[in-house]
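*Asks:* What shape does this take:
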Amino acid sequence: MISRSGYIEAIKPFIGRPQIKIITGIRRSGKSTVLQLLKNELLTRGVEQEHIIFINLESFRYADLLEASKLYQFISNQIQQEKKYYLLLDEIQKVKDWEKAVNSFLVDFDVDIYLTGSNSHLLSSELATYLAGRYVEIPIFTLSFQEYLHFRKHYFSEAKNTGNQFLEYLRKGGFPVIHTLDYSEESAYKVVYDIYSSVILRDTVQRYKIRDVELLERVIRYAFDNIGNTFSGKNIADYFKSQKRKIDINTVYNYLNALVGAFILHRVPRYDVKGKEILKTQEKFYVSDISLIYATMGNRDRMIAGILENIVFLELKRRGFKVYIGKLDHKEIDFVAEKNNRKIYLQVAYKLESEDTVEREFGNLLAIKDHYPKYVVTMDDFWKDTIEGVQHLYITDFLLSKEL
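*Replies:* Numbering: from 1, shown residues only. You can find the predicted model right below:
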């Protein structure tokens with residue numbers, strides 16, 4: 001089992017603290033592995049094995065525990081002493097009214113609680129009702145490029161240069177299971193499609209009681225086909241209308257919310273750089289892993305600029321940034337990213353092949369009159385120029401940078 005140390009480091013400050021730790025992310029992104037790594041961390045700290053209760057609620061072994069009262073009874077029977085116990089509950093959303101059981105654990109016992117879930121609405125109103133102010137979320141993403149390199153080094157002996165490895169990462173994405181064996185692209189996409197189908201069925205259709213699955217799939221295809229473009233629910237409704245298929249705009253937003261809740265999509269709002277306010281129209285949506293696009297829609301080389309944007313977006317989120325799409329008068333800034341009173345601006349392009357492209361990508365950033373770092377990220381590995389403080393980075397230099 002390969003350590004994903006960044007996530008354990010994110011959890012460490014909260015070990016033994018009263019907050020419930022909720023680990024979220026799309027299915028097969030590595031949440032269960034992080035929970036197992038956390039168990040190992042607790043053991044190295046001297047916590048006794050008997051005081052760690054680890055339950056994977058997707059296992060048939062625990063099929064009788066899928067109601068809050070039964071889960072509570074099972075765990076309370078194992079807590080025999082006054083000492084602190086550590087509860088590690090994997091895929092907690094499987095348990096009906098689970099938040100009631102978790103609240104009771106906090107009331108009745110000395111426990112440190114860690115939960116994983118495959119739907120962001122774990123953090124919705126029903127959770128807030130019982131656990132307001134008492135939880136912290138740790139989001140888990142599919143493999144970063146740095147993690148992908150560690151996986152390749154661990155599982156395979158052949159040496160490839162970083163550029164070639166990035167091309168493979170660009171094609172196969174970051175689901176960990178793909179990089180434990182030497183899958184061909186075709187086989188990798190079959191595995192990813194199975195993950196996608198499971199997420200659609202269990203975390204979208206069943207959870208939100210969606211009846212028109214075919215219409216949901218059409219909305220997904222529209223979103224996937226417009227990665228890197230701003231659009232609204234009205235744009236989707238108008239598109240369907242042009243295709244002689246009527247859809248209510250509220251249904252579109254319900255479907256988009258369901259897809260965001262299941263971590264298939266990430267919603268990114270627009271930010272007015274000059275007015276310093278969040279705008280409510282024309283958001284962008286990015287996928288949780290680029291392999292989902294290839295697995296469901298086939299080759300999409302024409303979308304390379306949007307796919308590179310998607311990779312940069314996910315890297316910023318992994319590093320803990322709040323990410324926005326920037327608006328400056330009539331110019332668009334691909335990303336405005338903020339963390340700990342820091343801010344960076346980024347433009348993403350495939351290649352700087354003409355003076356017009358250079359002027360657009362650098363010019364948009366030069367129009368921002370502040371002193372925060374500004375970057376243009378591309379796949380031009382030979383173009384190393386910096387223009388008036390705006391730095392150009394090759395995509396792998398950005399992904400592997402320790403300075404951001």
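*Asks:* Could I get the full set of strands for the chain?
*Replies:* Listed in chain order, the strands of the chain (DSSP state E) span 20-24, 52-56, 85-90, 111-117, 135-139, 265-272, 277-287, 322-328, 331-339, 342-348, 374-378, 386-387, 390-394.
*Asks:* Hmm, residue 163 is touching residue 399, no?
*Replies:* No - contact between residue 163 and residue 399 fails when scored by CB atoms under 8 Å: they sit 11.9 Å apart. In short, each C-beta sits where N, CA and C put it, glycine included.
*Asks:* can you tell me which of the strands of the chain the model trusts least?
*Replies:* Among the strands of the chain, strand 386-387 carries the lowest mean pLDDT, a mean of 88.
*Asks:* same for that one, what does it pack against?
*Replies:* Contacts defined by 3 or more CB pairs under 8 Å, 6 or more residues apart in numbering; DSSP states H and E place strand 386-387 against helix 355-366.
*Asks:* what angle separates the helix it packs on from strand 374-378?
*Replies:* Our comparison of helix 355-366 with strand 374-378, counting by axes from the mean of the first three to the mean of the last three CA atoms, to 10 degrees, yields an angle of 150 degrees.
*Asks:* orientation of helix 355-366 relative to strand 390-394 in degrees?
*Replies:* Angle of helix 355-366 versus strand 390-394, following the same axes, to 10 degrees, is 120 degrees.
*Asks:* who touches helix 355-366?
*Replies:* Outside helix 355-366, the residues within contact range by CB atoms under 8 Å, 6 or more residues apart in numbering are 328, 331-333, 345, 347, 349, 351-352, 374-376, 378, 387-388, 390.
*Asks:* Could you rerun that using 6 Å?
*Replies:* Helix 355-366 has contacts (CB atoms under 6 Å, 6 or more residues apart in numbering) with 331, 333, 345, 347, 349, 352, 374, 376, 387, 388, 390.
*Asks:* Could you save the strands of the chain as a markdown table and add columns showing distance to residue 216?
*Replies:* Shown next, in a markdown table, are those (distance: least, CB to CB, whole Å):
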| stretch | distance to residue 216 |
| --- | --- |
| strand 20-24 | 22 |
| strand 52-56 | 28 |
| strand 85-90 | 27 |
| strand 111-117 | 21 |
| strand 135-139 | 24 |
| strand 265-272 | 12 |
| strand 277-287 | 15 |
| strand 322-328 | 25 |
| strand 331-339 | 28 |
| strand 342-348 | 29 |
| strand 374-378 | 33 |
| strand 386-387 | 45 |
| strand 390-394 | 37 |
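*Asks:* Which one, of those strands, ends up nearest to residue 238?
*Replies:* Residue 238 lies closest to strand 277-287 among these, at 13.4 Å (CB to CB).
*Asks:* helices or strands up against that closest one?
*Replies:* When contacts are defined as 3 or more CB pairs under 6 Å, 6 or more residues apart in numbering; DSSP states H and E, strand 277-287 sits against strand 265-272.
*Asks:* ok, residue 64 to residue 232 distance?
*Replies:* 46 Å (CB to CB, to the nearest Å).
*Asks:* who has more neighbours, residue 163 and residue 399?
*Replies:* Neighbours around residue 163 and residue 399, counted as other CB atoms under 10 Å, are more numerous at residue 399. The numbers are 23 against 12.
*Asks:* I'd say the more buried one and residue 145 touch.
*Replies:* Yes - judged on CB atoms under 6 Å, residue 399 makes contact with residue 145 at a distance of 4.1 Å.
*Asks:* Show the buried residues in the contacts of helix 355-366.
*Replies:* Buried members of the contacts of helix 355-366, scored by 16 or more other CB atoms under 10 Å, are 333, 345, 347, 349, 352, 374, 376, 387, 390.
*Asks:* Tell me the one of those nearest residue 138?
*Replies:* Proximity to residue 138 was ranked across these by CB to CB; first place goes to residue 345, at 26.7 Å.
*Asks:* what's that closest one in contact with, if anything?
*Replies:* With CB under 6 Å, 6+ apart, residue 345 has these contacts: 333, 336, 365, 374.
*Asks:* what do you get if the cut-off is 10 Å, keeping everything else the same?
*Replies:* By CB atoms under 10 Å, 6 or more residues apart in numbering, the residues touching residue 345 are 273, 326, 328, 333-337, 364-365, 368, 370, 372-376, 390.
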